[in-house]
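Chemist: Next one to model:
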Amino acid sequence: MSDNHFKFTNSVVGLPAFFVLFLWIIYWIQIRFDFDFYQNGIYPRDFSGLQGVLFSPFIHENLNHLYNNSIPLIVLLPALQFFYPKQVLGVIGYGILFSGLITWLIGRENYHIGASGLIYVLVSFIFFKGIQTRYYRLVALSFAVVLLYGGMIWYVFPDVDQNISWEGHLAGFMTGFVMSLFYKAPEYAKPILYDWQRPDFDPAQDPFMKHFDENGNFINIEILEDEPEIISSYFNSDASVNYIITKSEGK
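Modeler: The predicted structure is shown next:
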């Protein structure tokens, strides 16, 4: 895969916009009709609390809670869609599922709600996957994520703030890391600068390379006495390069 695979499409903007808009619609329904969606959150180690594995990312306590989760999603979801288009649905879907299940297993006996678990999935996946690929654009993306959201790592520890679901944060971070190992990194080819880097390059047909064997040794070829052999346009360059081979005198 080359840089040409990074293409801007409508989904880069559409997916995050739809997802975040859906969160705000859910919250509007909650306050408009006075619904108590909190009981649809994750309640650890309780069978009825399993419903929150699917529903909790869409439920928020108040406007400030929703706003603080919306901003990272608007940044991280487009980055995921643009740089990892083939993995985006799996990362979101499995990220919600497995981070929710881990929260259900390790969480305190209270309702756990909010999209912060998914945010930690995205931060973790984008960071670790970019480092693993060693591709300069994705490594740069990993560093950008660290710069913007590196401070979030403190909120996976229990003693930082008892009013937040550190269990959900930890579950999301772990899930993102595991998925970065699970999903195979796409292969990013280096830009083609020379003809010999092309997949269909045949040394036997190249005007220059045909004079060398597979070990790089010059092949003794018969050269006409009257006309020199001109080998040109080997390198992919704007400058004209000619190789002239003539018969040595006395041979």
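
Chemist: going forward, measure contacts and count neighbours with C-alpha atoms only.
Modeler: Will do.

Chemist: Residue ranges in the chain under the pLDDT threshold?
Modeler: Counting by pLDDT under 70, the chain has low-confidence residues at 1-6, 185-251.

Chemist: Okay, domains of it per the record?
Modeler: 3-182, 192-251 (automatic domain parsing).

Chemist: Reformat the ones you listed as TSV; add mean neighbour count.
Modeler: Rendered in TSV, the data for those read as follows (neighbours: other CA atoms under 10 Å):
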stretch	mean neighbour count
domain 3-182	18
domain 192-251	12
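
Chemist: List the contacts of residue 80.
Modeler: Contacts here follow CA atoms under 8 Å, 6 or more residues apart in numbering; on that basis residue 80 touches 88, 122, 126.

Chemist: wait, doesn't the last one sit right on residue 142?
Modeler: By that I understand residue 126. Yes: counting by CA atoms under 8 Å, residue 126 sits close enough to residue 142 to count as a contact (6.2 Å).

Chemist: Residue 16 contacts residue 74, doesn't it?
Modeler: Yes: the pair residue 16 and residue 74 qualifies as a contact (CA under 8 Å) at a distance of 5.8 Å.

Chemist: Please enumerate the strands of the protein.
Modeler: When secondary structure is read from DSSP state E, the chain shows strands at 229-232, 242-245.

Chemist: Could you check how far residue 82 is from residue 12?
Modeler: Relative to residue 12, residue 82 is positioned 6 Å away (criterion: CA to CA, to the nearest Å).

Chemist: Quick check on residue 163: phi, psi?
Modeler: The phi/psi pair for residue 163 (degrees, to the nearest 10) reads phi -90, psi 0.

Chemist: With residue 183 instead?
Modeler: Residue 183 has phi and psi values of phi -80, psi 130 when expressed as degrees, to the nearest 10.

Chemist: That one: neighbouring residues, count only.
Modeler: 14 (other CA atoms under 10 Å).

Chemist: Distance check, the residue nearest to it when sequence neighbours are not counted against residue 179.
Modeler: If you skip the residues right next to it in sequence, residue 183 has residue 87 as its closest partner in space, 7.6 Å away by CA to CA, 6 or more residues apart in numbering. Distance from residue 87 to residue 179, counting by CA to CA: 10 Å.

Chemist: Can you tell me how far the residue nearest the centre of the chain is from residue 172?
Modeler: If you average the C-alpha coordinates of the chain and look for the closest C-alpha using CA atoms, centre = their mean, you land on residue 84, 4.2 Å from that point. Taking CA to CA as the measure, residue 84 and residue 172 are separated by 18 Å.

Chemist: Over to residue 144?
Modeler: Taken as CA to CA, the span from residue 144 to residue 172 is 19 Å.

Chemist: Could you do residue 157 as well?
Modeler: When residue 157 is compared with residue 172 (using CA to CA), they lie 13 Å apart.

Chemist: cool, residue 149 as well?
Modeler: Relative to residue 172, residue 149 is positioned 14 Å away (CA to CA).
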